[in-house]
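Trainee: model the following, please.
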Amino acid sequence: DLRLAWSLLMDWFNPHRNETSGKKKLVGSIVMGLLNLPPSLQYKPENMYLVGIIPGPREPALEEINHFLCPVIEFFLPSWKDRMWFTRTHEHAEGRLSRSVILVAINDL
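Mentor: Sure, this is the predicted structure:
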C-alpha cells in the first residue's frame, strides 16, 4: 500500500489586501499539504491542495467551521479504513492501493 500523510491547514486573510478594512472582512482557506514530501517541498504553493474556501465577511464560530470540515473528514475516513484504488500512477501503470490520513491540523483560530 501507498500510505499518504496529510496536514490540514486553515487560515484567514483579508481578500482586499488593505489595512483599512482591518479584520472586518475575512475569508478562510482550507489547504492540505502532503507530509510524505521532503520538508523543503511540503509547503511550496505548487505542492499544496486547496480543499475549500470559507466565505466571510467574518470568521465563523467553531460550530460553523465544523460544517466546512466534515466533508473533508468524511472523505478521508474510508480512504484510510478501506483503502483507495488508483487505476494508474506514474510508477504503477497497473494501478496501486493507497491509504490517506490527516496526520496534523494547523489552524489559525
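Trainee: please identify the helix or strand for W80.
Mentor: Assigned by DSSP states H and E, W80 belongs to helix 62-81.
Trainee: check which residues of that helix are buried.
Mentor: Residues of helix 62-81 classed as buried: I65, F68, L69, F76, S79 (neighbour count, 16 or more other C-beta atoms under 10 Å). Where you see a C-beta, it was placed from the backbone N, CA and C, and this is true even at glycine.
Trainee: which ones are touching the residue nearest to F86 when sequence neighbours are not counted?
Mentor: Nearest residue to F86, sequence neighbours excluded (C-beta to C-beta, 6 or more residues apart in numbering): R96, at 5.2 Å. Listed by C-beta atoms under 8 Å, 6 or more residues apart in numbering, the contact partners of R96 are L2, W85, F86, T89.
Trainee: in the chain, which spans are strands?
Mentor: For the chain, the strands defined by DSSP state E occupy 2-13, 27-34, 48-54, 84-86, 96-107.
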